[in-house]
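**Student:** Below is the sequence, then the predicted model.
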There are 2 protein chains.
Amino acid sequence: MSYDTNTDFSNLPAKDRILLTAHDLFYRDGIRATGIDKVIAESGVTKVTFYRHFPSKNDLIRAFLEYRHRRWMDWFVDAIKRHGGKPGGGLMPLVPVLEEWFCNPIYRGCAFINAVAELGGVLPDVVEICSMHKQDMVRTIAGLLPENESRQRLAYAAATAIDGAIVRAQLESKTADKRESLQSLSVLLAALERT
Amino acid sequence: MSYDTNTDFSNLPAKDRILLTAHDLFYRDGIRATGIDKVIAESGVTKVTFYRHFPSKNDLIRAFLEYRHRRWMDWFVDAIKRHGGKPGGGLMPLVPVLEEWFCNPIYRGCAFINAVAELGGVLPDVVEICSMHKQDMVRTIAGLLPENESRQRLAYAAATAIDGAIVRAQLESKTADKRESLQSLSVLLAALERT
DNA sequence: GCCTTCATGTAGACAATTCTGTCTACCTGT
DNA sequence: ACAGGTAGACAGAATTGTCTACATGAAGGC
């Protein structure tokens, strides 16, 4: 199973079913575009059950972001390992790692960046949650760099390049197009390592 | 006047008043979070007048994006000039240019990236509009680079770095924090030019 | 073993608000 | 005559959230 495809969770407990359904809908269509009623219908649960587990939509949104964070980070560190990333071994494995993500047909950018865009002006929590997510991402990237005084600075810069590639890949519809953002990322990371 | 502060447009014709009001609200709170009624009330216009100029909210959204594009691009090329950017003169003027933007108190990221995050799964137009906006941005950046065979590739990479800085600056609340995304951008562009 | 309690679930009506969009009726300046 | 404007009622849909009434199975005290 991948980091953002759920197939069938009809035999899970209600709370998990709700959360996984909300995850798929929130990520695919956006949080505001997804009504509670749709989550309820799609997860095969009743209103009472839903509101027992998540007293308000905002609670569901927060749960969604927490879940997404765990799931994405797990995929991220695993994918880095699978593509030959090692402590201090350099940034270049990140390119195939992100290619794996971008080329997934249901790719629609970073759930956290999207959430901030949708709700940043309205539900201030999400900015903080997204900040923490990105901090975790930077920590993981720093692990790929040698331990010297420029480590932090380079990890931040690499994370910035990655976020740029993430949003650009979101604009490139066909899989073939994704190569453009991946090439840009590759150019940036290679230049960074020559620093 | 700056690229994203409108102060008072009470003496403009109705259509412009609507568009400028929508611009400020859409950018600040998000497109979905802003109801038509709010735009109507805030621009001091009646419903009939509004719907005479914009038959549907989607029409207003498209008009907003077109207007934002013109306005942002005008600011961008002007700011580059003001910070010493010249044809073939290199990428580094982009750092103070973006600093000018990021440090504006009402900064809330790129309107196009935000629009895609909000509506990309629902109103497919916006992905295309945003793509064209970013293409224009790349063209302008390419003008700062020497005319050789790596120009396009470098301009894309620089634009990717800039988009990354844009979304990261959106997460850094205090003005002081914006220095982090700006430093990352500076590191990336400097590394790129050494290529 | 029995009874109670409680968490978890189903089914669906209903309230309150908000959102987009339409309609009638009238006014004003060119 | 007509473009552009005002004022505000109204329709229809969607949204979030509450409420009543009932079923079931597991845990714990007695």
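**Tutor:** Yes, it's here.
**Student:** which helices and strands does the longest helix along chain A pack with?
**Tutor:** Ranked by residue count under DSSP state H, the longest helix found in chain A is helix A:57-82. Contact here means 3 or more C-beta pairs under 8 Å, 6 or more residues apart in numbering or on different chains; DSSP states H and E; on that basis helix A:57-82 packs against helix A:14-29, helix A:36-42, helix A:94-102, helix A:111-119, helix A:125-142. Heads up, the C-betas are built off the backbone N, CA and C, glycines and all.
**Student:** got a pLDDT number for the closest residue in space to A:Ala142 that isn't next to it in sequence?
**Tutor:** Spatial nearest neighbour of A:Ala142, excluding adjacent residues (C-beta to C-beta, 6 or more residues apart in numbering or on different chains): A:Ala155 at 3.8 Å. A:Ala155 is assigned a predicted lDDT (pLDDT) of 98.
**Student:** Would you mind checking the average pLDDT for stretch A:124-134?
**Tutor:** Computed over stretch A:124-134, the mean pLDDT rounds to 92.
**Student:** What residue in chain A comes nearest to DNA strand C?
**Tutor:** Residue nearest to DNA strand C within chain A (C-beta to the nearest atom of the strand): A:Ala14, separated by 2.9 Å.
**Student:** what's the distance between the residue sitting furthest away from the middle of chain A and A:Gly109?
**Tutor:** What lies farthest from the middle of chain A is A:Val48; by C-alpha atoms, centre = their mean that is 30.2 Å. A:Val48 is 34 Å from A:Gly109, where distance means C-beta to C-beta, to the nearest Å.
**Student:** what's the spacing between A:Gly143 and A:Arg194?
**Tutor:** Per C-beta to C-beta, A:Gly143 is found 20 Å from A:Arg194.
**Student:** In terms of neighbours, single out the busier of those two.
**Tutor:** Set A:Gly143 next to A:Arg194 and count neighbours by other C-beta atoms under 10 Å in any protein chain shown: A:Gly143 wins out with 17 against 9.
**Student:** Do you know the pLDDT at the residue nearest to the more buried one when sequence neighbours are not counted?
**Tutor:** Using C-beta to C-beta, 6+ apart and skipping residues adjacent in sequence, the residue nearest A:Gly143 is A:Pro87, 5.5 Å away. With respect to pLDDT, A:Pro87 scores 97.
**Student:** What of A:Asp177?
**Tutor:** A:Asp177 is assigned 79 on the pLDDT scale.
**Student:** Can you list the low-confidence ranges for chain A?
**Tutor:** Applying pLDDT under 70 to chain A flags residues A:1-8, A:10, A:175.
**Student:** and it, which residues reach DNA strand C?
**Tutor:** Neighbours of DNA strand C within chain A, by C-beta under 7 Å from any atom of the strand: A:13-15, A:44-49, A:52-53.
**Student:** Derive a PyMOL selection command for the buried subset of the residues you listed.
**Tutor:** In PyMOL, this line selects whichever of the residues of chain A next to DNA strand C come out buried by 16 or more other C-beta atoms under 10 Å in any protein chain shown:
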select buried, chain A and resi 15+45+49+53
